[in-house]
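Student: sequence unknown, structure follows:
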C-alpha cells in the first residue's frame, strides 16, 4: 500500500511540474530513467519466473527447441522436397515431363507397328465376317461418337438374357427342358439321401448350421480398398526401391511405359480408323459398280420403283410418328459444349468461387436446446446443426458418385435468414467441397443479359451445361423476389428486367432433373414472406429442404470472436474477457462481427498487438458502427418458419405427445375407479 501511495504522490507531483512548465533536473531525469529500466527488468524477470513455475507444475507445456523439434524438421524437409519437385530447370517434375515425352515416342517407335498390324487384322476380319453373302456389301465402321473400332477390338460382354436366349437347354421355345436346367435331374437324384438327412437334422445344412441365408450389407468402398491393395501388391511390393537421396519422387520407367501404352494404342487406333474409313469407301464404290454392271437397265428401273415405294413408306412412317407426338427440340444442338461454357462464363453466369471451407462457418452447439425441448419450446437450429445439414443434403450427394444414389434425391435447398448470416458462404462451400461448377442465376446478376424471351435460352443453357459438367450448383440470391407476381411490388425491386422472368423456365427445368443428375439448385432469401398469398404455395413447394440460418447464440459467439480474430491475423490474450464481449454482441449477425474485426485489424494495428493487445473498449468502438438485426425482422423470419411444412410436422409431433400422455392418464384414472369399485363389492 505504501508503494502504491508513493507512486500516486510522484505522479501527482510530476503532473503539477509538467503543468507549471518547470524543467526536469538532471538528477531527477537520471532517477526516472533508472526507475523505468529497473521496473521493466523486474517485470520481465517476474514474468519469466511465473512462466517457469507454470511449466514446472504442468500448467504449460515444455518449451520446444526448434532445432530439435521433429515437426519443424519434417516441415523443413517437406519444403525442400517441394522446392526440388517444382524447380523449373532441374526439378523432378520437369524430369518426369521430359521422360513422358521421350518414353511415349520410344513406345510408339518400338511397338507402334505391331499395334497397327494387330488393329488392321482385327478390323479386316470383322469386315469379312460381317459382309453380306447375298449382295457382297461391307458393313459400316462404327461412328466416332460410338467409339469407332473400340467395339470391334473390345466387344461388350453378352447380357444374361442373350445367353439364356442362345442356350436351348435353358428353356427356349424349341428346348426340351421346358424351362428347367439340364442338371436338375442329377441333382435331384444325388439329393435323395440328403433330403432324409436334412429331415433328421431338423433343416440344418453342413456343419449343423441353419440353412437360411444370412443377410449381408454391401459396401461400395471395400471393393475400392481391395482393388488398391491388389494394385499395390502387383506393382510395388516386389519392386526394389530406387537409390538416391530423393528416391521417393523418382519415376519407374517400366511402370510409366505401362501407363503410356494405352495412350499410344488409342492414337494408333484413331489413325487406323481414318485409313480404314477411306478403304471402306473405295470398296463400297467397287461393289456398287460391279452390281450396277451386272444388273443392267431392267434392274435400274425396278430399283427406281422400289425407291419410290421406300419414299412413300418413309412418308407414312413420318406421318405416323408425327401423330404420336413430337419430341422437344434442343435449341443448342448445333453448338458445342465448349462454346456454351464460354458464353456463360463471359456473361458472368458461370463464376469462379473463392476457396471457402465449411469450417469457415463458425459456431457451436446449442447447450440449451435439450432443456428447451423438454419445456415444450422448439429451439432454433444451432450453427453446428446447420453445418451437419449442409454436409448431409448438399456436399455428400454432390461430391460422391457412390453416395448420391443411396440418399434421397434432393433437387433444391432454400437457405433463409437475416442479412449476413452466411447464406452465400454456405452455397460457395458446397460448391468448393464437392468440386462443383457454380452458376449464378441471381436476378441482379443476370439483369441486362438475355432480355425478353431469350431468358428461356439462358435457363436451357445453364441446366444443359450443369448436367454435362456435373456436379453443379445453381445459385439464386433474393430468390423470393423471383416468385412475386404482384407487378406493383415487383417494380420496387428495381432492375431493367422483372425478377420473375425466370420463374416459369426455372420450375420446368427443375422438374426435369432426374435422380441421376448431380445438380443442386440453391436459393438464398432474407425476406421469404414477400412471396405471399398465391405465390407462397409455389415458393414453398419448390424446395426439397429449407434451412433457417439463425443469429449466433452465446455459445457460438464465444467461438466466433476468437475465430474471426485468427482469420484476420490477430490473436486475443488468454485473459481477454470473452464472456462479456459475447454478451454485449447479442443480436448481431456473424457477418456484422466479421466486419467489426476486419475494420479493427488493420496492418498497422496487427504490428502493435504485442505491445498493446486488443481490449473490450476498442472492440466496442467498432461494434457501435454496425447495426444489429432488428427484432421485427427476426420475428418475421420466425413467423414464416412456422408456416414451412417441416416446422408444421415438428409442431404436430410435439402436440401429439401431450395428447397421448393425457389419454393414458384418463385410461389410468378409469382403471383406478374400476379397481376401487371392485374392492368395495368384495368388502360387502
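Tutor: Thanks, I have the structure now. These numbers come from a predicted model, not from an experiment.
Student: Would you mind listing the buried residues in stretch 550-568?
Tutor: Across stretch 550-568, burial judged by 16 or more other CB atoms under 10 Å covers 550-553, 555-561, 563-565, 568. Using the backbone N, CA and C atoms, a C-beta is placed for each residue, glycine as well.
Student: Kindly check the end-to-end length of stretch 528-538 for me.
Tutor: Chord length of stretch 528-538, first to last residue, is 12 Å (CA to CA, to the nearest Å).
Student: Run through who's touching it.
Tutor: Applying CB atoms under 8 Å, 6 or more residues apart in numbering, the contact partners of stretch 528-538 are 414, 416, 480-481, 483-486, 489, 507, 539, 636-637, 639-640, 643.
Student: And the residues you listed, which of them are buried?
Tutor: 414, 416, 480-481, 483-484, 507, 539, 637, 640.
Student: Of the residues you listed, which pair is most distant in space?
Tutor: Spatial extent of the buried ones among the contacts of stretch 528-538 (CB to CB) is set by the pair 507 and 637 at 24.5 Å.
Student: if we can go back for a sec, for residue 240, state which of the buried residues of stretch 550-568 is nearest.
Tutor: residue 563 (49.0 Å).
Student: which SSE is the closest one in?
Tutor: Secondary structure assigned from DSSP states H and E places residue 563 in helix 554-567.
Student: how distant is that helix from the center of its chain?
Tutor: Mean-position distance between helix 554-567 and its chain equals 26 Å (CA atoms, centre = their mean, to the nearest Å).
Student: any idea how far residue 105 lies from residue 99?
Tutor: 11 Å (CB to CB, to the nearest Å).
Student: ok, back up a step: just send the buried ones among the contacts of stretch 528-538 back as JSON lines, with pLDDT too.
Tutor: Listed next are the buried ones among the contacts of stretch 528-538 as JSON lines, based on pLDDT from 0 to 100:
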{"residue": "414", "pLDDT": "90"}
{"residue": "416", "pLDDT": "90"}
{"residue": "480", "pLDDT": "87"}
{"residue": "481", "pLDDT": "85"}
{"residue": "483", "pLDDT": "86"}
{"residue": "484", "pLDDT": "83"}
{"residue": "507", "pLDDT": "88"}
{"residue": "539", "pLDDT": "85"}
{"residue": "637", "pLDDT": "88"}
{"residue": "640", "pLDDT": "86"}
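Student: now, which of the residues you listed lie within helices?
Tutor: 507, 539, 637, 640 (DSSP state H).
Student: and which of these is nearest to residue 280?
Tutor: residue 507 (49.2 Å).
Student: who's in contact with that closest one?
Tutor: By CB under 8 Å, 6+ apart, the contact set of residue 507 is 538, 542.
Student: cutoff 6 Å now
Tutor: Listed by CB atoms under 6 Å, 6 or more residues apart in numbering, the contact set of residue 507 is empty.
Student: just residue 463 next, same as before
Tutor: By CB under 6 Å, 6+ apart, the contact set of residue 463 is residue 509.
Student: taking the mean pLDDT, what do you get for the stretch of helix or strand it belongs to?
Tutor: Assessed by DSSP H and E, residue 463 sits inside helix 455-468. Predicted confidence along helix 455-468 averages 87 (mean pLDDT).
Student: buried residues in it?
Tutor: Neighbour count says helix 455-468 has 455-456, 458-467 buried, by 16+ other CB under 10 Å.
Student: Of those, which is the nearest to residue 493?
Tutor: Relative to residue 493, the closest of the buried residues of helix 455-468 is residue 455; by CB to CB it sits at 16.1 Å.
Student: what two of the buried residues of stretch 550-568 are the furthest from one another?
Tutor: Maximum pairwise distance in the buried residues of stretch 550-568, criterion CB to CB, is 23.8 Å, between 550 and 568.
Student: Quick check: which element contains residue 618?
Tutor: Using DSSP H and E, residue 618 sits in helix 616-623.
Student: chain center to that helix, what's the gap?
Tutor: Here helix 616-623 shows a centroid-to-chain-centroid distance of 38 Å under the convention CA atoms, centre = their mean.
Student: between it and helix 554-567, how many degrees?
Tutor: Here helix 616-623 points in a direction 90 degrees away from that of helix 554-567 (axes from the mean of the first three to the mean of the last three CA atoms, to 10 degrees).
Student: A helix includes residue 112, no?
Tutor: Yes. With DSSP: H, G, I helix; E, B strand; the rest coil as the criterion, residue 112 is part of a helix.
Student: List the residues that contact the closest residue to it other than its chain neighbours.
Tutor: In this structure, residue 112 finds its nearest non-sequential neighbour in residue 268, 5.8 Å apart by CB to CB, 6 or more residues apart in numbering. Taking CB under 6 Å, 6+ apart, we find residue 268 in contact with 112, 115-116.
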